[in-house]
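*Asks:* Return atomic coordinates for the entry below.
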Amino acid sequence: MTGLSENGKEPPTQQSSSKRPLGVTLLSLLMAWLSFAGFANAAVALFGGIGIWPSYIAIFMIAYAATSAAVTIGLWRLSPWALAGFRAWGVSCLALMIAMLVHVGFFPLLIERPAEFLPLFLIPSSVMVVLYWLLHRYIRSRFVS
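*Replies:* Coordinates of the predicted model:
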């Protein structure tokens with residue numbers, strides 16, 4: 001079999017079923033940017049010499065960047081494991097956020113003065129949870145039947 005139809009031409013392809021939706025393309029590009037930013041932040045933390053973040057935070061940054069890169073590839077290739085990669089990215093994002101908050105001493109301040117620091121924690125966290133939920137829902141609708 002040569003893959004040619006009876007009239008000697010290429011058979012029609014199923015481009016419509018394998019064409020990447022615009023939302024998936026945009027999300028893939030966003031995740032690529034986050035991956036680049038994560039690796040750049042880790043490099044600055046490890047080799048920049050400015051001493052803002054300790055090396056254990058840089059490890060979380062690398063995990064964040066690596067999972068972002070995996071999601072980028074999964075979304076771009078329309079792979080069914082893109083959703084699992086997105087979930088792994090969510091876990092790495094949460095771990096990085098907690099590690100940073102612990103490092104800067106946020107949680108003792110939250111306990112000492114909750115009226116001042118609770119909104120600083122709840123508002124950005126709530127926005128992140130809602131965005132994550134919406135993106136998860138979108139990816140799930142595209143990759144899970």
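*Asks:* longest single helix anywhere in this protein?
*Replies:* Longest helix in the chain by number of residues (criterion: DSSP state H): helix 114-143.
*Asks:* buried residues in that helix?
*Replies:* 117, 132, 135, 139, 142-143 (16 or more other CB atoms under 10 Å). For glycine as for every other residue, the C-beta is placed from the backbone atoms N, C-alpha and C.
*Asks:* so how far is that helix off the chain centroid?
*Replies:* 13 Å (CA atoms, centre = their mean, to the nearest Å).
*Asks:* got the contact list for stretch 51-61?
*Replies:* Stretch 51-61 has contacts (CB atoms under 8 Å, 6 or more residues apart in numbering) with 38-39, 41-42, 45-46, 92, 95-96, 99-100, 103.
*Asks:* what's the answer for stretch 21-37, then?
*Replies:* So stretch 21-37 is contacted by 20, 64-66, 68-69, 71-72, 75-76, 78, 89, 135, 138-139, 142 (CB under 8 Å, 6+ apart).
*Asks:* Compare those residues and tell me which has the most neighbours.
*Replies:* V71 (30 neighbours; other CB atoms under 10 Å).
*Asks:* For that residue, give its distance to V102.
*Replies:* When distance is defined by CB to CB, to the nearest Å, V71 is 25 Å away from V102.
*Asks:* got it, and A88?
*Replies:* A88 is 21 Å from V102, by CB to CB.
*Asks:* So for these two, which sits in the more crowded spot?
*Replies:* A88 (17 against 13).
*Asks:* Report the contact partners of A66.
*Replies:* So A66 contacts 35, 38, 92 (CB under 8 Å, 6+ apart).
*Asks:* before we move on, the earlier item: which of the contacts of stretch 51-61 fall in helices?
*Replies:* 38-39, 41-42, 45-46, 92, 95-96, 99-100, 103.
*Asks:* Switch these over to JSON lines; also include neighbour count, distance to F121 and pLDDT.
*Replies:* Shown next, in JSON lines, are the ones in helices among the contacts of stretch 51-61 (neighbours: other CB atoms under 10 Å; distance: CB to CB, whole Å; pLDDT from 0 to 100):
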{"residue": "G38", "neighbour count": "24", "distance to F121": "22", "pLDDT": "96"}
{"residue": "F39", "neighbour count": "17", "distance to F121": "27", "pLDDT": "96"}
{"residue": "N41", "neighbour count": "20", "distance to F121": "21", "pLDDT": "92"}
{"residue": "A42", "neighbour count": "23", "distance to F121": "24", "pLDDT": "93"}
{"residue": "A45", "neighbour count": "21", "distance to F121": "23", "pLDDT": "88"}
{"residue": "L46", "neighbour count": "16", "distance to F121": "28", "pLDDT": "88"}
{"residue": "S92", "neighbour count": "20", "distance to F121": "19", "pLDDT": "97"}
{"residue": "A95", "neighbour count": "14", "distance to F121": "16", "pLDDT": "96"}
{"residue": "L96", "neighbour count": "20", "distance to F121": "15", "pLDDT": "96"}
{"residue": "A99", "neighbour count": "17", "distance to F121": "15", "pLDDT": "95"}
{"residue": "M100", "neighbour count": "14", "distance to F121": "12", "pLDDT": "93"}
{"residue": "H103", "neighbour count": "14", "distance to F121": "15", "pLDDT": "92"}
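*Asks:* All set, thanks.
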